[in-house]
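Undergrad: how would this look folded up:
(one chain, ligands or ions: 2)
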Amino acid sequence: MLYKEPAPIKDRENPFESMMSRFNIAAEVLGLDEETYNVLKSPTRQVIVNIPVTMDDGKVRVFEGYRVIHSTILGPSKGGIRYAPDVFLDEVKALAAWMTWKCAVVDIPYGGAKGGIICDPFTMSAGEIERLTRAYTSALADTFGPDQDIPAPDMGTGPREMAWLMDEYSKTKGSTVHAVVTGKPLVLGGSLGRVEATGRGVMVSAMAAMDKLGMDPSKSTAAIQGFGNVGAWAAKLMAERGVKILGISDVSGAYWNDNGIDIEDAIEYKNAHNGRLEGYKGAELMDPDELLTSKVDVIIPAAVEDVITIKNVDKIQARLIVEGANGPTSYKADNIINEKGIMVVPDILANSGGVTVSYFEWVQNRMGFKWTLDRVNERAERIMNESFERVYAASQKYNVPMRIAAYIVAIDKVAMTYKYRGGF
Ligand SMILES: NC(=O)C1=CN([C@@H]2O[C@H](COP(=O)(O)OP(=O)(O)OC[C@H]3O[C@@H](n4cnc5c(N)ncnc54)[C@H](OP(=O)(O)O)[C@@H]3O)[C@@H](O)[C@H]2O)C=CC1
Ligand SMILES: O=C(O)CCC(=O)C(=O)O
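TA: Ligands and ions are numbered 1, 2, ... in the order given. I've put the predicted structure just below:
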């Protein structure tokens with residue numbers, strides 16, 4: 001199989017630096033004062049926990065876990081939990097800050113947080129993952145809370161882990177607390193539409209961007225990196241809008257079909273093969289490094305950070321990049337992207353459909369009332385389109401690319417709220 005070990009951390013770009021470099025540009029354009037700059041640039045709280053877990057062979061293994069609260073200025077902090085072998089603190093810090101900016105861009109009353117555990121869920125049994133999730137929850141029971149800090153899924157986690165988290169947290173409180181976590185299974189108070197929400201938001205923002213660029217979806221092609229929750233749903237919904245998906249990928253490799261990949265078929269294959277595309281016959285194997293530079297109109301990175309860098313940005317042929325993943329573009333590649341005239345719908349806008357529907361889930365939990373799928377989708381789509389227009393208007397007003405415009409919209413909102421609250 002084509003599995004590649006993650007690059008050692010010292011060889012990787014630092015996502016927190018990438019976040020800060022855009023933050024600095026936007027802060028300068030806005031003329032942000034020094035006090036507010038200092039408050040917003042650093043996380044409020046960083047928690048590191050060591051989690052002993054009894055493995056199936058009876059031995060105890062200790063896992064390192066993180067929860068970073070970047071900001072609570074807009075409201076309780078919100079953000080997913082990542083299970084990955086190479087997750088590291090500066091990455092979680094960046095992801096937490098991106099949550100602050102993302103919630104501000106879509107104007108929902110949350111601050112930003114993110115969690116992570118260094119582990120490889122693909123090599124662990126369900127029992128081991130459950131014990132790890134419960135131990136992490138209990139170690140962070142004082143941090144989490146429906147009015148404090150509300151986790152959700154991210155890479156390597158999903159409704160199953162959120163159910164264990166909700167159950168374990170509820171035990172520590174002595175009563176069922178649905179609203180402590182979002183992205184739960186439907187029977188445990190999850191929202192209709194949450195599973196597909198991030199991919200749907202990616203599709204909605206891609207359609208909005210294509211409209212601005214005068215691109216006809218039914219005459220356009222796309223390549224999508226990552227075929228997990230975000231990538232697979234984005235692929236399916238883009239295909240339903242007529243976009244021909246020529247390339248897809250996951251850790252097992254990249255797959256290409258000149259005539260367009262049958263996305264329903266690829267999803268069915270993945271679901272029947274332990275969540276991976278390995279061995280998929282509906283497309284040819286291709287070099288994964290060439291997927292994002294292939295000849296397509298739209299690329300959607302929907303896996304990990306720093307996959308568009310100074311090493312490959314020159315070769316990108318697409319007119320539009322829609323960032324399903326958080327932080328897929330290194331800040332060092334920004335100038336070249338801008339010089340090439342490529343439009344980027346940045347992560348903090350493009351993938352905000354997930355947290356938007358998480359917010360709806362939290363609202364429903366607190367109301368004790370379930371919304372219909374139509375209501376969820378219609379409201380999420382409206383928020384995505386309004387947010388896109390807000391960011392587009394800021395990009396015109398300040399004559400900056402969409403990414404900096406999104407930071408400007410976000411920082412402006414958080415800074416103004418900070419001022420009204422009267423400091424901390
Ligand atoms: N889930 C959500 O609601 C949200 C997620 N995001 C972001 O979207 C991205 C993807 O998250 P999500 O879909 O939830 O995660 P999943 O774990 O569901 O899927 C991740 C996908 O990326 C693939 N992948 C991992 N590394 C690589 C690589 N180097 N090259 C190609 N593919 C790779 C995985 O392959 P394999 O399965 O083979 O390991 C898998 O297909 C992350 O950046 C996340 O932070 C952003 C907003 C919300
Ligand atoms: O749904 C949420 O609350 C957060 C999802 C998330 O982690 C993200 O948007 O990056």
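Undergrad: from now on I want contacts and neighbour counts done on CA atoms only, so please keep to that.
TA: Fine.
Undergrad: and stretch 384-393, does that touch ligand 2?
TA: No: Stretch 384-393 stays out of contact with ligand 2 when judged by CA under 6 Å from any ligand atom, the minimum separation being 13.2 Å.
Undergrad: average model confidence for that stretch?
TA: The average pLDDT for stretch 384-393 rounds to 98.
Undergrad: how far is that stretch from where the chain is centred?
TA: Relative to its parent chain, stretch 384-393 has a centroid offset of 18 Å by CA atoms, centre = their mean, to the nearest Å.
Undergrad: cool, and stretch 214-230?
TA: So, by CA atoms, centre = their mean, the centroid of stretch 214-230 is 17 Å from its chain's centroid.
Undergrad: which residues sit against it?
TA: The list of residues contacting stretch 214-230 from outside it, by CA atoms under 8 Å, 6 or more residues apart in numbering, reads 195-196, 198-199, 207, 210, 231-232, 235, 241-251, 275, 291-292, 294, 296-303, 324-325.
Undergrad: among these, name the buried ones.
TA: Buried members of those, counted by 16 or more other CA atoms under 10 Å: 195-196, 198-199, 207, 210, 231-232, 235, 243-251, 291-292, 294, 296-303, 324-325.
Undergrad: among these, which ones lie close to ligand 1?
TA: Restricting the buried ones among the contacts of stretch 214-230 to those within reach of ligand 1 (CA under 6 Å from any ligand atom) leaves Thr198, Gly231, Ser249, Asp250, Val251, Ala302, Ala303, Gly324, Ala325.
Undergrad: between those, which sits nearest Thr133?
TA: Comparing those against Thr133 with CA to CA places Ala303 closest, at 22.0 Å.
Undergrad: grab the nearest non-local neighbour of the closest one.
TA: Gly226 (4.5 Å; CA to CA, 6 or more residues apart in numbering).
Undergrad: next, count neighbours for that neighbour.
TA: If you count neighbours by other CA atoms under 10 Å, Gly226 ends up with 23.
Undergrad: same question for the one 10 residues further on.
TA: As a burial measure, Lys236 scores 21 neighbours (other CA under 10 Å).
Undergrad: tell me the contacts of it?
TA: By CA under 8 Å, 6+ apart, the contact list for Lys236 reads Ile263, Glu264.
Undergrad: what residues does the protein put near ligand 1?
TA: Residues of the chain lying close to ligand 1 (CA under 6 Å from any ligand atom) are 153-156, 198, 225-231, 249-252, 275-276, 302-304, 324-326, 351, 354.
Undergrad: residue of the stretch 1-150 of the chain with the smallest distance to ligand 2?
TA: Per CA to the nearest ligand atom, Gly80 is where the stretch 1-150 of the chain lies closest to ligand 2, at 3.3 Å.
Undergrad: can you show me the strands along the stretch 301-424 of the chain?
TA: Along the stretch 301-424 of the chain, the segments classed as strands by DSSP state E, counting those that start in this stretch run 320-322, 343-345.
Undergrad: the first one - contacts with which helices or strands?
TA: Packing partners of strand 320-322 (3 or more CA pairs under 8 Å, 6 or more residues apart in numbering; DSSP states H and E): helix 194-213, strand 298-301, strand 343-345.
Undergrad: at 7 Å what do you get?
TA: strand 298-301, strand 343-345 (3 or more CA pairs under 7 Å, 6 or more residues apart in numbering; DSSP states H and E).
Undergrad: farthest pair within the ones next to ligand 1 among the buried ones among the contacts of stretch 214-230?
TA: Farthest pair in these, by CA to CA: Thr198 and Val251, 20.1 Å.
Undergrad: intersect the residues of the chain next to ligand 1 with the contacts of ligand 2.
TA: Asp154, Gly354.
Undergrad: what helix or strand is Ala232 on?
TA: Using DSSP states H and E, Ala232 sits in helix 229-240.
Undergrad: how far away from the center of its chain is that helix?
TA: The answer for helix 229-240 is 14 Å, by CA atoms, centre = their mean.
Undergrad: ok, which stretches of the stretch 301-424 of the chain are helices?
TA: For the stretch 301-424 of the chain, the helices defined by DSSP state H, counting those that start in this stretch occupy 334-339, 347-350, 353-367, 373-398, 402-421.
Undergrad: show me the contacts for Leu291.
TA: Ala223, Gly247, Ala254 (CA atoms under 7 Å, 6 or more residues apart in numbering).
Undergrad: so the first one: helix, strand or coil?
TA: Three-state assignment for Ala223 (DSSP: H, G, I helix; E, B strand; the rest coil): strand.
Undergrad: what sits closest to it if chain neighbours are left out?
TA: Nearest residue to Ala223 in three dimensions, chain neighbours excluded: Gly247, at 4.4 Å (CA to CA, 6+ apart).
Undergrad: then the last one?
TA: With CA to CA, 6+ apart as the measure, Pro288 is the residue that lies nearest to Ala254, at 4.8 Å, once sequence neighbours are left out.
Undergrad: quick revisit: could you single out the nearest of the contacts of Leu291 to Asn385?
TA: Ala223 (22.8 Å).
Undergrad: does the closest one have beta-bridge partners, and which?
TA: Under DSSP bridges, the beta-bridge partners of Ala223 are Gly247, Ile299.
Undergrad: pull the number of nearby residues for it.
TA: Residues lying near Ala223 (other CA under 10 Å) number 30.
Undergrad: ok, it to Asp374 distance?
TA: 29 Å (CA to CA, to the nearest Å).
Undergrad: please apply the same query to Pro401.
TA: From Pro401 to Asp374 the distance is 33 Å (CA to CA).
Undergrad: what of Ser77?
TA: Ser77 is 27 Å from Asp374, by CA to CA.
Undergrad: number of residues surrounding the closest residue to Tyr359 other than its chain neighbours?
TA: Sequence neighbours aside, Ile108 is the residue nearest to Tyr359 in space, at 7.4 Å (criterion: CA to CA, 6+ apart). With neighbours defined by other CA under 10 Å, the count for Ile108 comes to 16.
Undergrad: surely Ile108 is within a strand?
TA: No: secondary structure of Ile108 (three-state DSSP): coil, not part of a strand.
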